[in-house]
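**Q** structure for this input, please:
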Amino acid sequence: MKREKRLDLERVRRNFSCHAEQYDRYAVVQKRVVKGLLERIGARKVPAGEALEVGTGTGELTRGLLQICPQVRPVVSDLAHGMTRLASERLPGIAAIDADAHALPVRGGALSLVYSSSVYQWVEDLPLAFAEAARVLAPGGLFACALFAERTLWELREAHRKAASERRGHSHVQSFPTESGVRGALEGAAFTSIELSSCDEIDLHPDVPSLLRALKRIGAGNAAAERPEGLSPRRVIQRMIELYEEKHRRPDGRIPATYHVVYVLARKRLPPLLDQEGAGGW
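**A** Residues are numbered from 1 along each chain as shown. Sure thing, here's the model as predicted:
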């Protein structure tokens, strides 16, 4: 059975690589998510050894990790070369490589920790990407990630769908993973002791065009595989803005954008004998 193509990975690579220099200035919610993930990692036992960050961006997560887990030796990676290059400059002494989450260039069982923030919503095949994370972890190793899930940008996506339908068109907006899909992908990838928690982060903007500019400047443009080339018709965009602001403008004049964050903590499954002896728990 042919798998449906959800995302255009080349577009993802290009978007983030081109906007690497602007990312830290506009990635307000993403910075909050990094903080939330570090708090969760810090509350867990992280084995000493080699670690890999998947989708490093500008390297902020690894900078924080080095402060709370000095026992790990991190390598950072990103699909977008512009991000890899920038992280390498900002993390002197830390190895940085270009890598796709679907095919990590690491031998099996080599790592004590795989970690990632605001990345896995961009992968084309979540079960495959999680299976890769499990493959490179040693038994008992920790997988820690945060990703954006199904309610992310629901206000924008709802307004665009309605605006497109009014003109008898189809809205090719990007979808995000469901929480149940995330759990299912983890369970199918040799992970155990799975913990999922979620929350909504709200970002506020003066208006919808400001939100769209901020998304563009961090590289988070629409990467749906079926997205047609070129921009949506001007009238659809204008109607989308009207619908969004009519429904969601707050008394203080700003408009909200919701980010549905799912935090994941899981362990690579131990061999049966060790598992029975209770090793590798939190």
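**Q** not counting its neighbours along the chain, what's nearest residue 187?
**A** Computed as C-beta to C-beta, 6 or more residues apart in numbering, the closest residue to residue 187 that is not its neighbour in sequence is residue 194, at 6.8 Å. Every residue, glycine included, has its C-beta placed from N, CA and C.
**Q** make sure that neighbour is indeed in a helix.
**A** No - with DSSP: H, G, I helix; E, B strand; the rest coil as the criterion, residue 194 is located in strand rather than a helix.
**Q** that one: neighbour count?
**A** A total of 15 residues lie near residue 194 under the criterion other C-beta atoms under 10 Å.
**Q** give the next helix or strand downstream of the helix or strand encompassing residue 85.
**A** Residue 85 is part of helix 81-90, with elements assigned from DSSP states H and E. Using DSSP H and E, the helix or strand that follows helix 81-90 towards the C-terminus is strand 95-98.
**Q** pull up the pairing partners for that following strand, direction included.
**A** Sheet partners assigned to strand 95-98 using DSSP bridges are listed as strand 72-78 (parallel).
**Q** quick one: the residue lying closest to residue 48 once chain neighbours are set aside and residue 142, what's the gap?
**A** Distances taken as C-beta to C-beta, 6+ apart put residue 71 closest to residue 48, at 3.9 Å, once the chain neighbours are dropped. Separation of residue 71 from residue 142 (C-beta to C-beta, to the nearest Å): 12 Å.
**Q** more neighbours: those two, which one.
**A** Taking other C-beta under 10 Å, residue 71 and residue 142 do not tie; residue 142 has more neighbours (26 against 11).
**Q** what comes up buried for stretch 178-196?
**A** Neighbour-count burial for stretch 178-196, counted by 16 or more other C-beta atoms under 10 Å, picks out 182-183, 185-186, 189-191, 193.
**Q** what's the answer for stretch 165-181, then?
**A** Applying 16+ other C-beta under 10 Å to stretch 165-181 flags 171, 173-174, 176-177 as buried.
**Q** any idea how far it is from the chain center?
**A** Stretch 165-181 sits 18 Å away from the centroid of its parent chain (C-alpha atoms, centre = their mean, to the nearest Å).
**Q** could you dump it to CSV, C-alpha only?
**A** Written as CSV, here are the backbone C-alpha positions of stretch 165-181 (Å, rounded to 0.1, in the frame of the first residue of the first chain):
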residue,chain,number,x,y,z
SER,A,165,-14.8,26.8,0.5
GLU,A,166,-16.6,30.1,-0.1
ARG,A,167,-14.8,30.4,-3.4
ARG,A,168,-15.5,26.7,-4.1
GLY,A,169,-11.8,25.8,-3.7
HIS,A,170,-9.9,23.4,-1.5
SER,A,171,-7.7,24.4,1.4
HIS,A,172,-4.3,22.7,1.2
VAL,A,173,-3.3,23.6,4.7
GLN,A,174,-0.7,21.5,6.6
SER,A,175,-2.1,19.1,9.1
PHE,A,176,-0.3,18.1,12.4
PRO,A,177,0.0,14.7,14.1
THR,A,178,-2.6,13.6,16.6
GLU,A,179,-1.8,12.7,20.1
SER,A,180,-3.1,9.1,19.5
GLY,A,181,-0.9,8.9,16.4
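**Q** brilliant, that's me finished.
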